[in-house]
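Participant: Give the three-dimensional model of this entry:
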Amino acid sequence: MLTGKQSQPLLTLGKMSEILKVPTYRIQYIIATRGIKERFRASRTRVFNPEDMELIKKEIEEQDREAAEKPQEDAQ
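Facilitator: Purely as a prediction, here's the structure:
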């Protein structure tokens, strides 16, 4: 979605979820815990720019890396 004033696409949580191939709850968690602010709201929809999505992507990758390094408990 492009606006007349901006040349960058605007992204909703759902669109970022599709692009990053992660559930929306993970994106919502990153936004809430890292203090990422939406660019504006369209009714109840939060809208972000591509730079925000890149920051969210890096945070998700870091979470995944930490989870992979965490030792798994043996199931007994």
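
Participant: next one: the helix ranked longest in the chain to chain centre, how far?
Facilitator: Ranked by number of residues, the top helix in the chain under DSSP state H is helix 50-69. Helix 50-69 sits 8 Å away from the centroid of its parent chain (C-alpha atoms, centre = their mean, to the nearest Å).

Participant: what's the answer for stretch 10-19, then?
Facilitator: 8 Å.

Participant: same deal with stretch 25-33?
Facilitator: That offset, for stretch 25-33, works out to 7 Å (C-alpha atoms, centre = their mean).

Participant: buried residues in that stretch?
Facilitator: Buried residues in stretch 25-33, counted by 16 or more other C-beta atoms under 10 Å: 26-27, 30-31. C-beta here means a position set from N, CA and C on the backbone, and glycine is covered the same way.

Participant: Quick check: mean pLDDT of the longest helix of the chain?
Facilitator: Taken as a whole, helix 50-69 has an average pLDDT of 94.

Participant: can you list contacts of that helix?
Facilitator: The contact list for helix 50-69 (C-beta atoms under 8 Å, 6 or more residues apart in numbering) reads 8-9, 11, 16, 19-20, 22, 26-27, 30-31, 34, 36, 38-39, 48.

Participant: Among those, find the lowest-pLDDT one for me.
Facilitator: Q8 (77).

Participant: Doesn't that residue lie inside a strand?
Facilitator: No: per DSSP: H, G, I helix; E, B strand; the rest coil, Q8 lies outside any strand segment and is coil.
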